[in-house]
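S.K.: Pasting the sequence and the predicted model now:
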Amino acid sequence: MDAQQIRGLRPMLTRFLKRFDDCFARKDTRAHLSVYVEGQLSDIPRKSVEPIALAADVPVRTLQEFLAQHRWQEDLARDRLQQIVAEEHAHPHSVGIIDETSFVKQGDKTPGVQRQYLGTVGKQENGIVTVHLAYAADDFHCLLDGELFLPESWAKDAARCREAHIPEGMTYRPKTEIALELYDRARAHDIHFAWLTFDEWYGGKPAFLQAVEARQQAFVGEVPRSLMGWIDPPRVTYRPLHRRGRGRKVPRIVAGSRPPQSVEHLFWWQPALKEQEWQRWRIKDGEHGPVIWEVKHVPFHLQGPDGLPGPRWHLVVARNVLDPTEMKFFVSNAPPDTSVGTILLVGFSRWRVERCFEDGKGEVGLDHYEGRRYPGLKRHLILSAISYLFLAQTNQRLRGKKIRVDRLPSPHGRLGADSLVVVGPARVSATAGTYCPDHPAGAAPQRVRASRARQGNSPRFAGHGHQTDGNPTL
C-alpha cells in the first residue's frame, strides 16, 4: 500500500480509529494512534518507531514515549478490537486458532529475549516468543490477542524484570496457560468459536486438551505421535481395596487391563487401524494439482494426567498420498456422529493463523518492535492487531462480493453457506473419484472414492461405533 492509496483510505481509517477514542484520555496522546497505525500500513521498509516517526515528521522520542510510557488504556483497545470482531464478523462456523510465533532479536534487553527454539527460523536462536489467538470465518481472518511468553530465566531475575518494566504479577507460565487465558478473554467479549484448533505442541499436553474440553469447546487438534490413550478403554473401578498398610487409591484402572499406547503404536499394531482401509480426501488444489491425503478414523480415549481414560473422542490418522512419510494425527472431542470430512476441515485450517503471521510481519511490521520495555511490546502487539484488522476489513470491503473460500460445518453437522472446505471445485480422475459441485448448499466437500468397495466402511471400523458414511457428501 503506497502513500497515495493510504491518502485515499484515510477517511475510512479515521472512522475506524475513532472507535478507539475512549482508550485515550488526552487528545495529543490519541493523535499518535493514527501516526503509528498509518506508519504500519504504509510502504516504509522498516516499521519500528524511528522510521514511522521520521516518515510522519514526528519527534522520535515522542512516539517512543507514546508506545512505552504515556498513559492510555491498551487493554481497552484490545477489548474494543474483539468487540468489533464479535459484532461484525460473527459466524456460526467460525474457527479459533491457537499458535505462537517468534522474532529473532539481538542483545539481551528486549523483554523475554533469550536463546530458545524459534519456529520462525526452525532452530535455537536469540529471540522472543509470543502466543496468539486468531479468528477465521468465511473469507475473513485476523489476530484477536497475543501475549509474551516469559521464560523462567527472566521470571527468576527480579532486577531484570524491573528494568524491562515487567509487572510484578507477571511470571513464568507455560504457553498452554497463556493460550487458555487468551481464549477465556475472547469468550468474555462475546467471541464465539464453533471450533478451536491448534498444532501438535499444544495437542500433546493432555491437561490442555482436558481444559478445552472442560470449557465445552469443540476442537480438532493435531497431536504428536507420542500421545497416549486407548481405542478400547479399560474398565475403571471405584471400589476401595484395602490390604495391609495403605489402601489403594480410587478410581483406578482394573488390574490386568491393557496399558495405554501411543497413537503411532495404535496406528501400526491395533487391528481397528491396521486392518482399516484408507479413505482418500482432496484437501485443496495446489499449484501442481489436487493435494490428496488418505485417512483412517477410530474412537479414542485420551490418557489423562491422572492415568485414567477420558471420554470418547475421535482419532484421525492422515497421510499425504504423494509423500507417505508425511503423517498427521488429529484428536477431536466433536460429537460421535461427526464425519471425518468435518474433522479434516477444521484440522487443516491452521493455515489461517500462519497467514496472519506472514501478513502481520510483512505488511504491518509485527516483528519490528525494537524497544526495551514490556509495556511498549504489549502495546505494539495490540496496535499491530488493530492495523491488521483494518487491513482485513478494508480488503474484504474493497473486494465487494465475499469469496467462498471454504465450507465448514458446525460441531453438530449443520453446513452453512460461505464456510470452510476441504476440497476445491476441480474434478478428480475417474480412478480416484469425482467431486460434485452441485451440492444444494453450494460447493461442498466429498470423499475421494477409491475403486475398492468398502472404502471407509470396514466392519471393524463400524464395530467401534463410528459413522460408516454410506453417503459421501458431508
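M.R.: Good, I have the coordinates. Numbering: from 1, shown residues only.

S.K.: Only C-alpha atoms from now on, for both contacts and neighbour counts.
M.R.: Noted.

S.K.: contacting residues for the residue nearest to residue 134 when sequence neighbours are not counted?
M.R.: In this structure, residue 134 finds its nearest non-sequential neighbour in residue 143, 4.3 Å apart by C-alpha to C-alpha, 6 or more residues apart in numbering. When contacts are counted by C-alpha atoms under 8 Å, 6 or more residues apart in numbering, residue 143 is found next to 132-135, 353, 356, 385, 388-389.

S.K.: go again using 7 Å as the cut-off
M.R.: 133-135, 356, 385 (C-alpha atoms under 7 Å, 6 or more residues apart in numbering).

S.K.: can you list those in CSV and add pLDDT, distance to residue 339 and neighbour count?
M.R.: As requested, the contacts of residue 143 are exported to CSV (pLDDT from 0 to 100; distance: C-alpha to C-alpha, whole Å; neighbours: other C-alpha atoms under 10 Å):
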residue, pLDDT, distance to residue 339, neighbour count
133, 98, 26, 25
134, 98, 25, 25
135, 98, 23, 27
356, 96, 28, 21
385, 98, 34, 25
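
S.K.: and of these, the nearest to residue 188?
M.R.: The shortest approach to residue 188 among the contacts of residue 143 belongs to residue 133, at 13.9 Å (C-alpha to C-alpha).

S.K.: three-state assignment of the closest one?
M.R.: At residue 133 the chain is in strand, as set by DSSP: H, G, I helix; E, B strand; the rest coil.

S.K.: for residue 344, same thing?
M.R.: helix.

S.K.: where exactly do the helices run in the stretch 151-300 of the chain?
M.R.: Secondary structure of the stretch 151-300 of the chain (DSSP state H, counting those that start in this stretch): helices located at 152-155, 158-163, 175-188, 200-203, 206-214, 263-269, 271-274.

S.K.: What I need now is the ones you listed written out in JSON lines, including mean neighbour count for each item.
M.R.: Putting the helices of the stretch 151-300 of the chain into JSON lines (neighbours: other C-alpha atoms under 10 Å) gives the following:
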{"stretch": "helix 152-155", "mean neighbour count": "16"}
{"stretch": "helix 158-163", "mean neighbour count": "15"}
{"stretch": "helix 175-188", "mean neighbour count": "18"}
{"stretch": "helix 200-203", "mean neighbour count": "18"}
{"stretch": "helix 206-214", "mean neighbour count": "16"}
{"stretch": "helix 263-269", "mean neighbour count": "18"}
{"stretch": "helix 271-274", "mean neighbour count": "18"}
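
S.K.: mind checking which of the ones you listed is nearest residue 90?
M.R.: helix 175-188 (12.3 Å).

S.K.: Quick one: work out the angle between that closest one and helix 206-214.
M.R.: Orientation check (axes from the mean of the first three to the mean of the last three C-alpha atoms, to 10 degrees): helix 175-188 against helix 206-214 gives 10 degrees.

S.K.: pLDDT on helix 175-188, on average?
M.R.: Helix 175-188 shows a mean pLDDT of 98.

S.K.: contacts for that helix?
M.R.: 82, 98, 131, 133, 145, 149, 202, 208.

S.K.: go on, stretch 64-79?
M.R.: 20, 23-25, 29, 32, 49, 373, 375-376, 379, 382.

S.K.: mind redoing it with 6 Å?
M.R.: The contact list for stretch 64-79, computed with C-alpha atoms under 6 Å, 6 or more residues apart in numbering, reads 23-24, 375-376, 382.

S.K.: next one: stretch 28-38
M.R.: Stretch 28-38 is contacted by residues 24, 387 when judged by C-alpha under 6 Å, 6+ apart.

S.K.: mind listing what's buried in that stretch?
M.R.: Residues of stretch 28-38 classed as buried by neighbour count (16 or more other C-alpha atoms under 10 Å): 29-30, 32-38.

S.K.: out of the residues you listed, which are inside helices?
M.R.: Mapping those onto helices (DSSP state H) picks out 29-30, 32-38.

S.K.: Next, format those as a markdown table and append distance to residue 289.
M.R.: Output for those, formatted as a markdown table (distance: C-alpha to C-alpha, whole Å):
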| residue | distance to residue 289 |
| --- | --- |
| 29 | 52 |
| 30 | 50 |
| 32 | 48 |
| 33 | 45 |
| 34 | 44 |
| 35 | 45 |
| 36 | 42 |
| 37 | 39 |
| 38 | 40 |
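
S.K.: Residue 369: which of those is nearest?
M.R.: Nearest member of those to residue 369, counting by C-alpha to C-alpha, is residue 36, at 12.1 Å.

S.K.: one step back: the host helix or strand of the residue nearest to residue 134 pairs with which strands, and in what direction?
M.R.: For residue 143, the host element (DSSP states H and E) is strand 140-148. Applying DSSP bridges, strand 140-148 is found paired with strand 123-137 (antiparallel).

S.K.: and the strand it pairs with, how far from the chain's centre?
M.R.: Here strand 123-137 shows a centroid-to-chain-centroid distance of 10 Å under the convention C-alpha atoms, centre = their mean, to the nearest Å.

S.K.: when you give positions from now on, start the count at 801
M.R.: Yes, from this point I'll number from 801; that puts the last item at strand 923-937.

S.K.: ok, and what's touching it?
M.R.: Applying C-alpha under 6 Å, 6+ apart, the contact partners of strand 923-937 are 894-905, 912-917, 941-949, 1153.

S.K.: and residue 1117, how far is that from residue 1066?
M.R.: As defined by C-alpha to C-alpha, to the nearest Å, residue 1117 lies at a distance of 10 Å from residue 1066.

S.K.: ok, of the contacts of stretch 864-879, which one's closest to residue 1053?
M.R.: The nearest member of those to residue 1053, counting by C-alpha to C-alpha, is residue 1182 at 47.4 Å.

S.K.: Can you tell me the element the closest one falls in?
M.R.: Counting by DSSP H and E, residue 1182 is found in helix 1174-1199.

S.K.: Show me what counts as buried in that helix.
M.R.: Buried residues in helix 1174-1199 (16+ other C-alpha under 10 Å): 1174-1193.

S.K.: Now do the strands in the stretch 1101-1250 of the chain.
M.R.: Ranges of strands in the stretch 1101-1250 of the chain, per DSSP state E, counting those that start in this stretch, are 1109-1120, 1127-1132, 1247-1248.

S.K.: Out of the ones you listed, the one nearest residue 863 is which?
M.R.: Among those, the nearest to residue 863 by C-alpha to C-alpha is strand 1127-1132 (45.6 Å).

S.K.: Give me the angle between that closest one and helix 1006-1014.
M.R.: Taking the same axes, to 10 degrees, strand 1127-1132 and helix 1006-1014 form an angle of 40 degrees between their directions.

S.K.: would you put the C-alpha positions of strand 1127-1132 in CSV?
M.R.: Backbone C-alpha positions of strand 1127-1132 (Å, rounded to 0.1, in the frame of the first residue of the first chain) are rendered in CSV as follows:
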residue,chain,number,x,y,z
MET,A,1127,1.7,-38.1,8.5
LYS,A,1128,-0.5,-36.2,10.9
PHE,A,1129,-2.5,-37.3,13.9
PHE,A,1130,-5.6,-35.4,15.0
VAL,A,1131,-7.9,-35.8,18.0
SER,A,1132,-11.3,-34.2,18.4
